[in-house]
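Undergrad: fold the following for me, if possible:
(chains A, B and C)
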Amino acid sequence: MGRSPCCDKNGVKKGPWTAEEDQKLIDYIRFHGPGNWRTLPKNAGLHRCGKSCRLRWTNYLRPDIKRGRFSFEEEETIIQLHSVMGNKWSAIAARLPGRTDNEIKNHWNTHIRKRLVRSGIDPVTHSPRLDLLDLSSLLSALFNQPNFSAVATHASSLLNPDVLRLASLLLPLQNPNPVYPSNLDQNLQTPNTSSESSQPQAETSTVPTNYETSSLEPMNARLDDVGLADVLPPLSESFDLDSLMSTPMSSPRQNSIEAETNSSTFFDFGIPEDFILDDFMF
DNA sequence: AAGCCGATCAACCGCAATGTT
DNA sequence: CAACATTGCGGTTGATCGGCT
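TA: Residues are numbered from 1 along each chain as shown, chains lettered A, B, ... in the order given. The predicted model follows:
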């Protein structure tokens, strides 16, 4: 079936709308209603295609459009709905009075998506992804704290211990000149010499490349080296790095229940009652 | 002052779904 | 029921703006 062009390309204006064009469109729709979008431009004296008129009306000129910044509540609603519906912008917009699908889509792509990525959340699946989290800055700040141990304790209550444990092992690889309290530097830079693993390791890596249970012992030993052994319990047999790292960047959307389950497994976003925010103000 | 660059968002494009003849 | 018309939707583009050098 051949697709007819949405409008006659000849003599049809494109690009930004002028105030005069807006007024013509508003006046016409106030008087006659939108009716047939294809014939509307001609009847309204506009040199635009019907599609352009419809878009201009629904996304900008409609009187019930709420303009201005998105409130925190609106953003939270968008995130929740997106976790269930995915990129169904029109369906999301239907639940946010006064907001258009285009506006929500733009806001998602320019603000919310980036915010989620910074928080280590995959904006597609809404599940945490370690490789999206900016761990280097997070942990550099952590390790540079004079009261490092106390801060680590707080961090461990906020983050899944496995994540914090792993991140503290990876940090020296990301920052060649970290500033550690006391003698931590030397310990952190020391390659894992106790491992008898026959598995070949990357030349510069001090972290085992094989994360199976057999590798947990040296990793736990390093927790002790960096002074985190008291704060974090040792890696458990159930620790599974692969599952932590394997969520694909643009995997098909998980159902909301599964996504929620993942969230509660990897990150604990609940704030403990004794949490002191000032401790994190570097 | 000028140029560059990243962020923002209005508008466009193409496809799919739905409606009409 | 097929053919065509219309509408709706989501991805993408490009103009504009503000901050920075």
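
Undergrad: can you report how many residues neighbour the closest residue to DNA strand C within the stretch 101-250 of chain A?
TA: DNA strand C sits closest to A:Asp101 of the stretch 101-250 of chain A, with a gap of 4.9 Å, by C-beta to the nearest atom of the strand. (C-beta placed from N, C-alpha, C; glycine too.) Counted by other C-beta atoms under 10 Å, the residues lying close to A:Asp101 total 18.

Undergrad: that one reaches A:Ile92, doesn't it?
TA: Yes: between A:Asp101 and A:Ile92 there is a contact under C-beta atoms under 8 Å: 7.2 Å.

Undergrad: number of residues surrounding A:Pro64?
TA: Just to correct that, residue A:64 is Asp rather than Pro. Neighbours of A:Asp64 under the rule other C-beta under 10 Å: 6.

Undergrad: who in chain A is up against DNA strand C?
TA: Contact residues, chain A versus DNA strand C (C-beta under 7 Å from any atom of the strand): A:1-4, A:6, A:15-16, A:35-39, A:50-51, A:54-55, A:87-91, A:101-102, A:105-106, A:109.

Undergrad: counting neighbours, which of the residues you listed end up buried?
TA: A:37, A:50, A:54-55, A:89, A:101, A:105 (16 or more other C-beta atoms under 10 Å).

Undergrad: among the residues of chain A next to DNA strand C, which are located in helices?
TA: A:50-51, A:54-55, A:89-91, A:101-102, A:105-106 (DSSP state H).

Undergrad: export these to CSV and tack on pLDDT and distance to DNA strand B?
TA: What follows is those, written out as CSV (pLDDT from 0 to 100; distance: C-beta to the nearest atom of the strand, whole Å):
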residue, pLDDT, distance to DNA strand B
A:Gly50, 86, 11
A:Lys51, 85, 6
A:Arg54, 86, 9
A:Leu55, 87, 5
A:Trp89, 90, 10
A:Ser90, 84, 11
A:Ala91, 86, 12
A:Asp101, 86, 10
A:Asn102, 88, 5
A:Lys105, 89, 7
A:Asn106, 88, 4
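
Undergrad: among these, which one sits closest to A:Pro123?
TA: Checking these against A:Pro123 with C-beta to C-beta, the nearest one is A:Lys105 at 12.6 Å.
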